[in-house]
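1. Just to be clear, the model below is a prediction. Sequence and coordinates:
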Amino acid sequence: MPEGLDIRIEPAVDRALVSLRVARRAAGEAAWRLRLAPPLGAVGEDPQSLWLGPDHWLLASARQTAAVMIERCAAELAGVLHNAVDQSAAYSVLRVAGGDVRDVLAAGAALDFRPSGFPPGGCRPTRFAQVTAAVVATGADEFEIYVDRGYGKYLRDWLEDTAIVAGNAATRLNTRKVR
Amino acid sequence: MLTIPCPFCGERDEAEFRYGGEALQEIPQAGASDAEWADYLFNRDNPKGLVHERWCHSYGCNQWFQVVRDTVTHRIHAVYRVGEARPVLDDVDGASADTGG
Amino acid sequence: MRGYSFSTVFGRALRGHRRWPAAWRSAEPARAYDVVVVGAGGHGLATAYYLAKHHGITNVAVLEKGWLGGGNTGRNTQVTRSNYFWPQSAAFFERSLELYEGLSRELNFNVMLSQRGILTLAHSHHEMEALRRWTNAIRINGIDSDVLTPAEIGKLVPLLNLDARFPVHGGFIQRRGGISRHDAVAWGYARAASALGVHIVEQCEVTGFDIDQGKVTGVTTNRGSIAADRVCICVAGHTGVLAAKAGFRVPITSMALQAMVSEPLKPCLDTVVLSPVIHVYVSQSDRGELVIGGGADGYGSYAQRGGVPLLEENLAALIELFPAFSRLRLMRQWAGIVDITPDTTPIMGPTPVRDLYVSGGWGTGGYKAIPAGGETMAHTIVHDAPHPLIADFGLDRFETGALIDEGAASGVSH
Amino acid sequence: MSAPQPFRKPEGGRIDRTRGIAFTFDGRRCLGHPGDTLASALLANGVRIVGRSMKFHRPRGVLTAGIEEPNALVTVDWGSGRIPTVRAAAMPLLDGLEARSQNRFPSVNFDLGRVLDFTRALWPAGFYYKMFKWPDWRAFEWAVRRVGGIGRVPGGADATRYRHLHGHCAALVVGSGPSGLLAALAAGRRGEDVLLVEQDTEFGGSLLHDPMEIEGVGSDEWLAAALAELAGMDNVRLMANATVAGCYDHNVFTIHDRGAAWRGESAVESFWKVRAGNVVLAAGAFEQPMLFGNNDLPGVMLAGAVHKYATRFGVDCGRRVAGVLNNDAGWRSLLAVHDAGTPVCAMVDTRDEVEAGLLDAAEERGIPVYRGATPLAARGSRGVRALRFADRDGSVRQVDCDVIGMSGGMNPATQLYSQAGGRLRYDATQHGFVPDRDPEGWETVGAASGSFAPGGGSPVRPCTAAPGRTGRQWVDFQHDVTVADIELAVRENYVSVEHMKRYTTAGMAVDQGKTSNLNALALLGQLTGRAPGEVGTTTSRPQFAPVTMGAIAGNRRGDFYLPPKLLAAHDWHAAQGAVFDDYGSWKRPACYGPDRDAAIAREVLAVRRSAGLFDGSPLGKIEVRGPDAAAFLDRIYVNNALTLKPGRVRYGLMLNENGIVMDDGVFVRIAEDHYLVNTTSGNADRVAAWLEEWRQCEYFDLEVVLSNVTSQWAVATLAGPDARGVLQALQGMMDLSTAGFPHMSFAEDRFADGTPYRVQRVSFSGEQSYELSVPSNRAASVFERLRSGTDSAEVVPVGVEALMVLRTEKGFIHVGVDTDGTTNPLDIGFGGVVARKRRDFIGARSLARPNDRRGDRRQLVGFELLDPNRSVAAGAHVVTGCNGALRSEGFVTSACRSPTLGKAIGIGLIEGGFGRKGEEVLVYDDGRTTPARVVEPCFYDPAGERMRA
Ligand SMILES: Cc1cc2nc3c(=O)[nH]c(=O)nc-3n(C[C@H](O)[C@H](O)[C@H](O)COP(=O)(O)OP(=O)(O)OC[C@H]3O[C@@H](n4cnc5c(N)ncnc54)[C@H](O)[C@@H]3O)c2cc1C
Ligand SMILES: NC(=O)c1ccc[n+]([C@@H]2O[C@H](COP(=O)([O-])OP(=O)(O)OC[C@H]3O[C@@H](n4cnc5c(N)ncnc54)[C@H](O)[C@@H]3O)[C@@H](O)[C@H]2O)c1
Ligand SMILES: Cc1cc2nc3c(=O)[nH]c(=O)nc-3n(C[C@H](O)[C@H](O)[C@H](O)COP(=O)(O)O)c2cc1C
Ligand SMILES: [Zn+2]
């Protein structure tokens, strides 16, 4: 990584992922029963639920298997039309962290990466570096990016390249300090 | 470069959306004539002024919704969800002439 | 037409160029005309010219809401070619290219036709097959087209990166294709039509039609009503607006199509290069700028300006194909409002209103069609029946389903 | 450090005199200082001719001191490579920089191109429209092209890194002159999130060369305090070296940030897209030239520029300055020049009235003043030697000078305002165009709004009727547009400002009219009897100043141009010797082994004889679930979705509303209310979006949910007579015997190790074939296990190309290859299915149109060549007629030399094809025709016994 730049890019540890889609009219009910993330949010320790759309969540867990999560959905959502499917192998997840993370990520998407616009606990399904992604603020200076596994290598290369370039930039827009 | 307020995600860059053409096209009933069918399939109001159109936040929440946009200024006057009533617009002063509807 | 030549320039140079006459007359609108043409773009002006020239109908007005040639004709990337897939398209556009080949002399105005060749690239095995289907069709249509290997392409366009993200597998060239000077086409037709007696009325916007029992009898404008036996709409991106005023809908969505130019450079690109996959096309104008284009901003628009996504898209494509251009600077970016039809084929001929004709739906590619468009529309207006070359381009095709889907066949437009 | 800088003042300026910077111009060694621009350093070194004009190759010197420079355009070599057409007046001086003049041969001081100038009478505006028509333009074009253009495309690599960045701010302030700084301070103090952008290397705008009193203190002091305060605010961000280049819809601004561009090998340029809440436009104003003879001579400069070089850079632009003016601002500039030690020898003002204070100041300094005067011409050939002008009484005078400082008034820098859709109003007192009404959320301030210090100008007039007029008067410097050209345009009726621009090309040069538009249109107005307001302006477009194209492209090079999608088992394939090709966004094995044809043949035969293993992971897989899942799919597919039994698979076609085949594939009924839709690889995303669109927008009454599971499951397609045996050998694999699991069946279960799998028996190759889906993270290990086969069966990895051959032998279509944007289901033999389906489906209505039912439509057939030694290529056409007048009846869409059958075969679409089986036709390819026979499209196992075995 470039000199003087505070950024770390690493694959996130293995986690089980379940995509949960719910019939639109029942989405509110489902969110309430399963304590799912509100719009643009990521909530819960384990499993964590990421909001991907008004009828779509991604459940992520380091401890439970996908099958367990799917069963739980079935149990809690009895009578509610939904489809919970294992997506553990469908995504690559990268963790990007460090004091300069917001400036590096601002190269990838037109999201408002200012802390006020994207506080921890936020989840933004978006277009990142040309590919569909969910960007999750896991901490003040810590993000996770979910992309299709086919783009995992690309995204990592892209972030590393961008970080090198960002290290040379005189101006930072999304971290508060002007250097 | 448009900034489109997705009713679910808030303002996002145009590049995250897919354009779906004019909204308010009714699929003709069975038995429609070739002319009626062609009118539905191909003809468009294509107004110079306010248009109701469909967009999908395809890189985001993946939802379709309607936008009321001025095709001259590109100003977005309203957005509304599928199934929601068409909004009543009270601030169309800024809209271009030639509105037509 | 006469009057422009080396010797007149030389002669007048001796007198400080003080004796040049107006290129065209600016006319005041009269009360009535045999034919009113709406829109002084290339198509409107050419239609008026051929009405006068071929059919002796000179009591013609071309009404223009702005300045002549200020629509798409004045803002297009000048690509001129006839390598079309479907025989109907090929015949029409080939006629146009033929007319272009004689146009400078016909109009006594140098339209600077530069038949430098237009090269279309293929970037995969599959595309090479598609390209083969396309070139064979073109050749069967009687039009020149050669398939080139990557090595031949490299020789022709030395700055091209054959090893791009999608490597160049080959391409084909229409050597008679190329560019010409867009403004000159508008001005040349205006001058020639004006000389034959056609009225060109600028700052005159058509705001409605007088229609009596299904027949058009005139137009209303911001400068008063004007009676006309026949009216032809040649307003490109505004076709839908005028059709609505005449009471019918058309299968057109108007969109902003962008183009841009770099700073001027010494000659570095001698061919028009077009890549349907690495989405861009580029040529170098005679003044030296790279003239760059791509697709339309993907939504309905009457705002004559382009956005950022396509700007980035087109330049990323350009730099991927021509890495040596990365250091050059972009000077200007603009857009025109184009009339996109579902099958990318124009709409020419009669309308539901009697004696009202339309020549539109040119989308991204009607510049090259101007001479033949004018010629066939003049014929169509005079005979009240489509010229054979445009018989299949009528509005009725959408009802029967007989679309001429050039886009589907070739995947390329403009 | 002793290289002389003959025109450097002994002191003063914001340069660092303690350090020298060595650079070269056309090979000549020069010296400057940090803080210099290339132009200021060239002037300090006494370089006067810096470039040549585009059309007439006139010698040109520095005109301005900013980005609007139209003359001093040079090629620069430094650090990260070569850059053509750099504005010397806006280029910071860098150590080791090598600058070269452009558009000259052999040298900038002696240019053969000048011959065009001497024959200029032949090349008035638009000359090319009038001649070169015979024999044709191409005969002359090459020569004209050579004369045109200025810079050259640089060779060598570009080491600059480019990137895109996005930003948001509550208030964007464009420009850091006093007005911009005041605005930024105010907004900053209110706590707003401010972004201030300045294209110069330093903040301060005009204050950097034109000190004044602000808020009761000297501006140097004020500037330092203001910058310190801004730097201390967390809510304010400052960008220097960054130009706001474009304003787009919804307050999106593009910014070209050269922040780190000048750092040699690690040079970085950024292209920002910033969404701003409010905008303060404080971009200042551009001084305009005056019109008089030879006003393009090196040494004729803008008065403000002479001032800026004197006070900011400590440079004398010459030894004696004459002023040609029509406004007070120009006076103040030249008085400052005089005070900075470069004597001003005359003030020639076209106005009768000049503010008394200025007159007194001139008198105090002993500067002769001529009011109501008419500047006639600059004298000199390679640089100014004197100024000739007519005094109020008509007497012609001449003063010796080597610099003419001219000021035709200030034109507000409203370009971005115009891009935002703002209308300009002609302000007769200022003689310039000023913003009429700021758009919502905008504020135009300072010089950009037209509010300069009092004492505007008077219109610039060409000296048409004056006695003793000599020489041409330049309006557009770079493009060599003179007053005479505009007169000619008017004579020829190019009187619309847009026609005049295009005919003469005034305002179309790299400065985009910043130094020419106002004069051109004022002149046009005078010549046509219109006020400038009636003439109007041309349209201002991005870019405000030209922007590096690489920066706009960003880092989208190579793989970043369009991200390649990699298979889960990519590395495994590579280890098998796969040759990867691009298929849509995917990188997939085309074949295994370097000899393509041999590899394909080997793989095909392996499938036919033993077993092939194909990676089908990109196949789209969409789960459709809900009580209405069947009804939903029944509307989507041409085929009947209701009657499918759970555990069974059916082939289906999807149409668009126009009845055109959009995709095909199989769909599976997993359970009563649960389907799995398979799409073609290329259309996976498109079909997923299509289903979602119909579900949300039209079929919202149906109870269904959709889950796209394409990436979760990797798919191993095992095909061939040995396929079952190999698959059955997997630990925990269910019983696959045909009786229990016939062709078109589906099941799901787990392997012994707990890994879930799905298996469906479908075939695209015509052999017994199973598609085994496993979680993508298990792909490589399962593939490896399958490839190792069994004792009796060898398994060969098979690439996409072999599969294409296999399916062609079988006559299976590939949507998008064997169909195009005109093909409907009837054309490919689905008439029966369509007829049997009574319920509506997408596209059904279109199939009832007369054209869709014509018998002579292009229909799917097979081809066999009569001559077994010939081959047929995809893309060949079937033709009738003889040479010269051919007509295409259709084309070959897929073709191969079949390794299985040992002959050339093809399938394709020809007019009325269904009724032509057995007919002999001519196949045309690349100018040659070959006889062929129309046959059934299926060449291999037409009964399908092997597939079902
Ligand atoms: C960026 C760009 C690049 C292009 N590149 C190419 C290319 O390379 N090759 C190619 O072949 N084609 C190209 N085209 C398309 C081509 O420019 C157009 O198809 C062609 O110029 C259409 O000519 P026209 O005369 O029909 O329309 P226009 O030239 O647009 O003329 C229509 C005129 O009608 C006037 N008008 C509109 N409404 C009214 C009214 N109510 N009353 C009076 N007047 C009215 C307008 O002001 C306008 O002047 C391009 C277009 C654009 C925008
Ligand atoms: N005395 C006072 O209190 C006071 C206050 C304000 C203005 N003024 C008067 O106004 C005059 C001009 O001041 P001003 O601040 O309006 O203009 P200015 O010329 O001082 O500053 C404009 C700045 O904007 C920059 N700029 C222009 N376009 C840009 C772009 N697209 N991107 C980035 N930067 C860009 C220029 O480089 C320049 O530095 C002063 O000379 C003074 O006479 C006086
Ligand atoms: C082929 C072509 C070449 C052009 N070259 C230049 C150029 O060298 N300089 C320039 O300023 N504009 C150039 N333009 C753009 C015009 O200035 C102008 O932007 C365009 O005609 C659209 O008009 P508008 O921007 O006034 O709306 C060119 C346009 C075309 C179509
Ligand atoms: Zn959204």
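-> Happy to help now that I have it. Residues are numbered from 1 along each chain as shown, chains lettered A, B, ... in the order given. Ligands and ions are numbered 1, 2, ... in the order given.
2. Run a quick neighbour tally on the closest residue to ligand 3 within chain A.
-> For chain A, the residue positioned closest to ligand 3 under CB to the nearest ligand atom is residue A:110, at a distance of 26.2 Å. Where C-beta positions appear, they are placed from N, C-alpha and C, glycine not excepted. For residue A:110, the neighbour count with other CB atoms under 10 Å in any protein chain shown is 27.
3. which residues touch the one residue in chain B that gets nearest to ligand 2?
-> For chain B and ligand 2, the shortest gap (CB to the nearest ligand atom) falls at residue B:1, measuring 17.4 Å. Neighbouring residues of residue B:1 by CB atoms under 8 Å, 6 or more residues apart in numbering or on different chains: B:13, B:14, C:307, C:308, C:309, D:248, D:249, D:250, D:252, D:273.
4. if you set the cut-off to 10 Å instead, what comes out?
-> Shown here is residue B:1, whose contacts under the criterion CB atoms under 10 Å, 6 or more residues apart in numbering or on different chains are A:110, B:13-15, B:74, C:297, C:306-312, D:246-254, D:273, D:275.
5. Residue C:49 now?
-> Residue C:49 touches C:1, C:37, C:60, C:62, C:106-107, C:188-196, C:198, C:371, C:374-375, C:378, counting by CB under 10 Å, 6+ apart.
6. and residue C:349, which of the three is it?
-> Following DSSP: H, G, I helix; E, B strand; the rest coil, we place residue C:349 in the strand state.
7. In chain D, which residue sits closest to ligand 4?
-> Relative to ligand 4, the nearest point of chain D is residue D:696 (12.4 Å; CB to the ion).
8. Ramachandran angles for that residue?
-> For residue D:696, the backbone dihedrals (degrees, to the nearest 10) come out as phi -80, psi -40.
9. same thing with residue D:181?
-> phi -70, psi -40.
10. ditto for residue A:96
-> Residue torsions, per degrees, to the nearest 10, at residue A:96 are phi -120, psi 120.
11. ok, the residue of chain A closest to ligand 3 touching residue B:17?
-> No. Counting by CB atoms under 10 Å, residue A:110 sits too far from residue B:17 to count as a contact (11.6 Å).
12. Need the overlap of contacts for these two.
-> residue A:127.
13. Disregarding flanking residues, what is the spatial nearest neighbour of the residue most central in space within chain C?
-> Central residue of chain C (CA atoms, centre = their mean): residue C:367, 1.2 Å from the mean position. Closest residue in space to residue C:367, ignoring its immediate chain neighbours: residue C:76 at 4.5 Å, by CB to CB, 6 or more residues apart in numbering or on different chains.
14. Return the residues in contact with the one you found.
-> C:41-42, C:179, C:182, C:185, C:257, C:259, C:291, C:293, C:336, C:338, C:362, C:364-368, C:414 are the contacts of residue C:76 under CB under 10 Å, 6+ apart.
15. And residue D:420, by the same measure?
-> Contacts of residue D:420 by CB under 10 Å, 6+ apart are D:247-249, D:251, D:253, D:279, D:281, D:414, D:435, D:438-442, D:444, D:540.
16. On the three-state scheme, the residue of chain B closest to ligand 2 is what?
-> coil.
17. ditto for residue C:147
-> Three-state assignment for residue C:147 (three-state DSSP): strand.
18. list the contacts for the nearest residue to it once chain neighbours are set aside?
-> Excluding the flanking residues, the one nearest residue C:147 by CB to CB, 6+ apart is residue C:172, at 4.9 Å. Residue C:172 makes contact with C:83, C:118-122, C:128, C:131-132, C:134-135, C:138-139, C:145-148, C:153 under the criterion CB under 10 Å, 6+ apart.
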